[in-house]
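>>> please work out how this folds:
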Amino acid sequence: MLTTSTTRVLEPGELDAALAVLNRDPVSNAFVAARVQVAGLDPWRLGGEMWGWYTGGRLESLCYAGANLVPICATPEAVRGFAERARRAGRRCSSIVGPAATTAELWSLLEPSWGPAREVRAHQPLMVTTTMPADVSPDPLVRRIRKDELDVIMPACVAMFTEEVGVSPLAGDGGLLYQARVAELVTAGRSFARVENGRVVFKAEIGAATPHACQIQGVWVAPEYRGRGLSETGMAAVLHYALHEVAPVVSLYVNDFNTAARAAYRRVGFQEVGAFMSVLF
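From the prediction side, this is the model:
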(Lines give C-alpha, C1' and ligand atoms only; values in the text may rest on other atoms or scores of the structure.)
Protein backbone atom coordinates (compact mmCIF):
# COMPACT_ATOMS: atom_id res chain seq x y z
CA MET A 1 0.00 0.00 0.00
CA LEU A 2 1.36 3.41 -0.94
CA THR A 3 -0.02 4.89 2.27
CA THR A 4 1.94 2.50 4.51
CA SER A 5 4.25 4.22 6.98
CA THR A 6 6.94 2.39 8.89
CA THR A 7 10.22 2.78 10.75
CA ARG A 8 13.25 0.53 10.33
CA VAL A 9 17.05 0.53 10.48
CA LEU A 10 18.63 1.89 7.32
CA GLU A 11 20.81 -0.37 5.20
CA PRO A 12 24.30 0.73 4.07
CA GLY A 13 23.03 0.98 0.48
CA GLU A 14 20.64 3.77 1.51
CA LEU A 15 23.46 6.23 2.17
CA ASP A 16 22.45 8.64 -0.61
CA ALA A 17 18.86 8.77 0.61
CA ALA A 18 20.04 9.43 4.18
CA LEU A 19 22.36 12.23 3.07
CA ALA A 20 19.53 13.80 1.08
CA VAL A 21 17.49 14.05 4.30
CA LEU A 22 20.46 15.36 6.30
CA ASN A 23 21.20 18.01 3.67
CA ARG A 24 17.72 19.52 4.04
CA ASP A 25 19.09 21.36 7.09
CA PRO A 26 22.89 21.14 6.94
CA VAL A 27 23.41 23.43 9.92
CA SER A 28 21.14 21.68 12.44
CA ASN A 29 22.17 18.26 11.16
CA ALA A 30 25.93 18.86 11.01
CA PHE A 31 26.74 16.55 13.93
CA VAL A 32 25.05 13.49 12.46
CA ALA A 33 25.87 14.35 8.84
CA ALA A 34 29.58 14.51 9.66
CA ARG A 35 29.48 11.05 11.23
CA VAL A 36 27.53 9.57 8.33
CA GLN A 37 29.87 11.04 5.73
CA VAL A 38 32.84 9.42 7.44
CA ALA A 39 31.34 6.13 8.62
CA GLY A 40 28.42 5.48 6.28
CA LEU A 41 25.44 3.65 7.76
CA ASP A 42 27.15 0.55 9.11
CA PRO A 43 26.15 0.53 12.83
CA TRP A 44 29.57 -0.63 14.02
CA ARG A 45 31.43 2.17 12.23
CA LEU A 46 28.69 4.74 12.87
CA GLY A 47 28.53 4.02 16.58
CA GLY A 48 24.80 3.43 16.50
CA GLU A 49 21.84 2.68 14.29
CA MET A 50 20.21 5.08 11.86
CA TRP A 51 16.45 4.68 11.96
CA GLY A 52 14.39 5.78 9.03
CA TRP A 53 10.73 6.77 8.78
CA TYR A 54 9.24 5.80 5.44
CA THR A 55 5.99 6.92 3.87
CA GLY A 56 4.90 5.13 0.73
CA GLY A 57 8.34 3.55 0.54
CA ARG A 58 10.10 6.95 0.56
CA LEU A 59 12.53 7.96 3.31
CA GLU A 60 11.12 11.05 5.03
CA SER A 61 12.81 11.34 8.45
CA LEU A 62 15.77 9.97 10.37
CA CYS A 63 16.74 9.27 13.97
CA TYR A 64 20.30 8.51 15.04
CA ALA A 65 20.31 6.02 17.92
CA GLY A 66 23.75 5.77 19.49
CA ALA A 67 25.28 7.45 22.53
CA ASN A 68 22.75 10.19 21.75
CA LEU A 69 19.24 9.85 20.40
CA VAL A 70 18.90 12.51 17.70
CA PRO A 71 15.68 13.10 15.68
CA ILE A 72 16.42 14.52 12.21
CA CYS A 73 13.87 16.30 10.01
CA ALA A 74 11.28 14.32 11.93
CA THR A 75 7.60 14.85 11.16
CA PRO A 76 5.07 14.38 14.00
CA GLU A 77 4.25 10.93 12.63
CA ALA A 78 7.93 10.03 12.48
CA VAL A 79 8.46 11.20 16.07
CA ARG A 80 5.73 8.82 17.22
CA GLY A 81 7.28 6.00 15.22
CA PHE A 82 10.76 6.68 16.62
CA ALA A 83 9.40 6.92 20.16
CA GLU A 84 7.70 3.55 19.84
CA ARG A 85 10.88 1.93 18.54
CA ALA A 86 12.92 3.54 21.32
CA ARG A 87 10.48 2.33 23.98
CA ARG A 88 10.71 -1.22 22.69
CA ALA A 89 14.51 -1.12 22.56
CA GLY A 90 14.92 0.46 26.00
CA ARG A 91 17.16 3.39 26.81
CA ARG A 92 20.75 2.92 25.68
CA CYS A 93 21.69 6.57 25.15
CA SER A 94 23.09 9.13 27.58
CA SER A 95 21.06 11.97 26.10
CA ILE A 96 18.36 12.99 23.64
CA VAL A 97 19.32 16.06 21.64
CA GLY A 98 17.92 17.83 18.60
CA PRO A 99 15.73 20.71 17.42
CA ALA A 100 13.74 21.92 20.42
CA ALA A 101 10.16 21.32 19.25
CA THR A 102 10.85 17.86 17.84
CA THR A 103 12.91 16.77 20.83
CA ALA A 104 10.27 18.04 23.25
CA GLU A 105 7.62 15.93 21.53
CA LEU A 106 9.89 12.88 21.47
CA TRP A 107 10.68 13.28 25.17
CA SER A 108 7.00 13.68 26.08
CA LEU A 109 6.38 10.26 24.54
CA LEU A 110 9.43 8.61 26.12
CA GLU A 111 9.37 10.18 29.59
CA PRO A 112 6.75 7.79 31.04
CA SER A 113 9.03 4.81 30.36
CA TRP A 114 12.48 6.44 30.29
CA GLY A 115 12.12 9.14 32.92
CA PRO A 116 12.99 10.84 35.04
CA ALA A 117 15.86 12.62 33.31
CA ARG A 118 18.84 13.89 35.27
CA GLU A 119 18.36 17.28 33.62
CA VAL A 120 16.30 18.80 30.80
CA ARG A 121 17.66 21.82 28.93
CA ALA A 122 14.58 22.83 27.02
CA HIS A 123 15.92 25.84 25.13
CA GLN A 124 19.50 25.99 23.84
CA PRO A 125 19.86 28.75 21.25
CA LEU A 126 21.38 27.65 17.94
CA MET A 127 23.72 30.38 16.71
CA VAL A 128 25.23 30.81 13.25
CA THR A 129 27.66 33.06 11.41
CA THR A 130 29.20 33.19 7.94
CA THR A 131 31.62 36.09 8.42
CA MET A 132 34.47 37.22 10.63
CA PRO A 133 33.68 39.96 13.19
CA ALA A 134 34.67 43.47 12.19
CA ASP A 135 35.64 44.66 15.67
CA VAL A 136 37.09 41.58 17.44
CA SER A 137 40.64 40.60 16.48
CA PRO A 138 41.55 36.89 16.63
CA ASP A 139 43.84 35.96 19.50
CA PRO A 140 47.22 35.30 17.82
CA LEU A 141 48.17 32.86 20.60
CA VAL A 142 45.26 30.48 19.87
CA ARG A 143 46.61 27.65 17.75
CA ARG A 144 46.06 24.04 16.80
CA ILE A 145 46.93 21.50 19.46
CA ARG A 146 49.66 19.11 18.30
CA LYS A 147 49.39 15.34 18.50
CA ASP A 148 52.07 15.26 21.19
CA GLU A 149 50.08 17.66 23.39
CA LEU A 150 47.20 15.37 24.30
CA ASP A 151 48.25 15.45 27.95
CA VAL A 152 48.18 19.26 27.81
CA ILE A 153 44.65 19.59 26.39
CA MET A 154 43.00 16.69 28.23
CA PRO A 155 42.67 18.31 31.71
CA ALA A 156 40.93 21.32 30.15
CA CYS A 157 38.61 19.05 28.17
CA VAL A 158 37.69 17.10 31.31
CA ALA A 159 37.09 20.33 33.25
CA MET A 160 34.89 21.73 30.46
CA PHE A 161 32.83 18.55 30.13
CA THR A 162 32.32 18.21 33.89
CA GLU A 163 31.29 21.86 34.22
CA GLU A 164 28.96 21.68 31.20
CA VAL A 165 27.31 18.28 31.67
CA GLY A 166 27.49 17.89 35.43
CA VAL A 167 29.31 14.54 35.44
CA SER A 168 32.91 13.62 34.70
CA PRO A 169 33.68 12.04 31.32
CA LEU A 170 36.13 9.80 33.18
CA ALA A 171 33.31 7.92 34.92
CA GLY A 172 32.22 4.51 33.75
CA ASP A 173 34.96 3.32 31.38
CA GLY A 174 37.66 5.45 32.96
CA GLY A 175 37.35 7.98 30.19
CA LEU A 176 38.61 5.75 27.38
CA LEU A 177 35.89 6.76 24.91
CA TYR A 178 36.18 10.42 25.80
CA GLN A 179 39.95 10.41 25.49
CA ALA A 180 39.64 8.69 22.12
CA ARG A 181 37.26 11.42 20.91
CA VAL A 182 39.60 14.19 22.08
CA ALA A 183 42.51 12.43 20.36
CA GLU A 184 40.44 12.14 17.18
CA LEU A 185 39.83 15.90 17.10
CA VAL A 186 43.49 16.66 17.82
CA THR A 187 44.62 14.31 15.05
CA ALA A 188 42.14 15.92 12.63
CA GLY A 189 43.54 19.37 13.42
CA ARG A 190 40.25 20.58 14.89
CA SER A 191 41.35 21.19 18.51
CA PHE A 192 42.46 24.73 19.32
CA ALA A 193 43.80 26.37 22.46
CA ARG A 194 45.83 29.14 23.99
CA VAL A 195 48.51 27.56 26.15
CA GLU A 196 50.46 29.52 28.75
CA ASN A 197 53.27 27.91 30.76
CA GLY A 198 52.10 24.47 29.74
CA ARG A 199 48.49 25.10 30.79
CA VAL A 200 45.40 25.70 28.68
CA VAL A 201 43.68 29.02 29.40
CA PHE A 202 41.25 28.93 26.44
CA LYS A 203 40.11 26.08 24.23
CA ALA A 204 37.50 25.12 21.68
CA GLU A 205 37.02 22.44 19.04
CA ILE A 206 35.42 22.19 15.64
CA GLY A 207 33.49 19.11 16.64
CA ALA A 208 31.54 18.38 13.47
CA ALA A 209 32.44 19.32 9.95
CA THR A 210 30.84 18.83 6.54
CA PRO A 211 31.39 20.71 3.28
CA HIS A 212 28.24 22.71 4.07
CA ALA A 213 28.63 23.62 7.74
CA CYS A 214 30.67 23.00 10.85
CA GLN A 215 29.95 23.23 14.56
CA ILE A 216 32.15 24.70 17.29
CA GLN A 217 31.95 22.95 20.64
CA GLY A 218 33.73 22.66 23.96
CA VAL A 219 34.41 26.38 24.41
CA TRP A 220 36.12 26.87 27.77
CA VAL A 221 38.15 29.50 29.60
CA ALA A 222 40.12 28.66 32.74
CA PRO A 223 38.16 30.08 35.72
CA GLU A 224 40.85 32.51 36.84
CA TYR A 225 41.08 33.96 33.30
CA ARG A 226 37.38 34.66 32.86
CA GLY A 227 36.19 38.22 32.38
CA ARG A 228 39.25 39.22 30.36
CA GLY A 229 37.72 38.87 26.90
CA LEU A 230 39.56 35.64 26.05
CA SER A 231 36.32 33.99 24.97
CA GLU A 232 35.72 36.65 22.29
CA THR A 233 39.25 36.83 20.89
CA GLY A 234 39.69 33.07 21.20
CA MET A 235 36.44 32.38 19.41
CA ALA A 236 37.42 34.83 16.68
CA ALA A 237 40.61 32.84 16.17
CA VAL A 238 38.78 29.50 15.94
CA LEU A 239 36.18 31.10 13.67
CA HIS A 240 38.96 32.22 11.32
CA TYR A 241 40.20 28.64 11.02
CA ALA A 242 36.65 27.32 10.56
CA LEU A 243 35.60 29.74 7.82
CA HIS A 244 38.85 29.62 5.89
CA GLU A 245 39.61 25.92 6.12
CA VAL A 246 36.46 23.96 6.95
CA ALA A 247 33.05 25.28 5.87
CA PRO A 248 31.22 28.46 4.81
CA VAL A 249 28.77 28.32 7.74
CA VAL A 250 29.79 27.99 11.39
CA SER A 251 27.33 27.12 14.14
CA LEU A 252 27.17 26.34 17.84
CA TYR A 253 24.49 25.92 20.45
CA VAL A 254 24.58 27.21 23.98
CA ASN A 255 22.53 26.95 27.17
CA ASP A 256 20.00 29.77 27.41
CA PHE A 257 20.99 30.46 31.03
CA ASN A 258 24.62 31.10 30.02
CA THR A 259 24.08 34.77 29.33
CA ALA A 260 27.80 35.61 29.38
CA ALA A 261 28.58 33.07 26.66
CA ARG A 262 25.63 34.15 24.53
CA ALA A 263 26.77 37.77 24.74
CA ALA A 264 30.33 36.81 23.83
CA TYR A 265 29.18 34.83 20.80
CA ARG A 266 27.00 37.72 19.65
CA ARG A 267 30.00 40.06 19.86
CA VAL A 268 31.90 37.69 17.57
CA GLY A 269 29.02 37.85 15.09
CA PHE A 270 26.91 34.79 15.85
CA GLN A 271 23.15 35.23 15.53
CA GLU A 272 20.42 33.05 16.98
CA VAL A 273 18.52 31.19 14.27
CA GLY A 274 16.73 28.45 16.21
CA ALA A 275 16.96 26.32 19.33
CA PHE A 276 18.02 22.86 20.41
CA MET A 277 16.90 20.84 23.40
CA SER A 278 18.89 18.33 25.43
CA VAL A 279 17.61 15.65 27.80
CA LEU A 280 20.45 14.32 29.97
CA PHE A 281 20.37 10.99 31.80
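>>> quick one, strands of the chain?
Here the chain has its strands, by DSSP state E, at 5-9, 49-55, 58-65, 68-72, 95-99, 119-129, 142-144, 191-196, 199-209, 214-221, 250-253, 271-280.
>>> direction included, what does the first one pair against?
It stands for strand 5-9. strand 49-55 (antiparallel) (DSSP bridges).
>>> what's the answer for the last one, then?
Listed by DSSP bridges, the sheet partners of strand 271-280 and their directions read strand 95-99 (antiparallel), strand 119-129 (antiparallel).
>>> can you count the residues close to Phe276?
Phe276 sits with 20 neighbouring residues when counted by other C-beta atoms under 10 Å. In short, each C-beta sits where N, CA and C put it, glycine included.
>>> my bad, should have said Leu109
Leu109, neighbours per other C-beta under 10 Å, totals 16.
>>> one more: the one 4 residues further on?
Other residues lying near Ser113 total 12 when counted by other C-beta under 10 Å.
>>> in contact with it, which residues?
Arg87 (C-beta atoms under 8 Å, 6 or more residues apart in numbering).
>>> could you report the pLDDT at it?
pLDDT, Ser113: 96.
>>> what's the answer for the one 3 residues further on, then?
Taken from the predicted model, the pLDDT recorded for Pro116 is 95.
>>> give me the nearest residue to Trp51, chain neighbours excluded.
Cys63 (4.3 Å; C-beta to C-beta, 6 or more residues apart in numbering).
>>> equivalent analysis for Ala89, please.
Here the residue nearest Ala89, using C-beta to C-beta, 6+ apart, is Ala65, at 7.5 Å.
>>> Arg8 now?
Looking at Arg8 with C-beta to C-beta, 6+ apart, the closest residue is Gly52, at 6.3 Å.
>>> now Gly166
Per C-beta to C-beta, 6+ apart, closest to Gly166 is Glu119, 6.6 Å.
>>> what's the pLDDT at the nearest residue to Arg92 once chain neighbours are set aside?
Using C-beta to C-beta, 6+ apart and skipping residues adjacent in sequence, the residue nearest Arg92 is Ala65, 7.5 Å away. At Ala65, the pLDDT value in this model is 98.
>>> who's Ala65 bridged to?
With DSSP bridges as the rule, Ala65 is bridged to Glu49, Leu69.
>>> burial count for it?
Neighbours of Ala65 using other C-beta under 10 Å come to 21.
>>> again with Arg45
12.
>>> if we can go back for a sec, check the gap between the residue nearest to Trp51 and Phe82 for me.
4 Å (C-beta to C-beta, to the nearest Å).
>>> same deal with Arg118?
Arg118 sits 21 Å away from Phe82, going by C-beta to C-beta.
>>> go on, Gln37?
From Gln37 to Phe82 the distance is 22 Å (C-beta to C-beta).
>>> more crowded one of these two?
More neighbours surround Phe82 than the other of Gln37 and Phe82, with 26 against 15 (other C-beta under 10 Å).
>>> mind checking pLDDT for the more buried one?
So Phe82 comes in at 98 (pLDDT).
>>> right, and it touches Glu49 too?
No. Judged on C-beta atoms under 8 Å, Phe82 makes no contact with Glu49 at a distance of 11.2 Å.
>>> all helices for the stretch 101-250 of the chain, in order.
Assigned by DSSP state H, counting those that start in this stretch, the helices in the stretch 101-250 of the chain fall at 150-165, 171-174, 176-187, 230-245.
>>> chain center to the third one: distance?
For helix 176-187, the distance between its averaged C-alpha position and the chain's averaged C-alpha position is 15 Å (C-alpha atoms, centre = their mean, to the nearest Å).
>>> now do it: everything it contacts.
Under C-beta under 8 Å, 6+ apart, the answer for helix 176-187 is 145-147, 149-150, 153-154, 157-158, 161, 169-170, 191, 205-207.
>>> nearest to Arg8 among these?
Among the contacts of helix 176-187, Gly207 lies closest to Arg8 (C-beta to C-beta), at 29.0 Å.
>>> list the buried residues in stretch 186-202.
186, 190-195, 200-202 (16 or more other C-beta atoms under 10 Å).
>>> many thanks, we can stop here.
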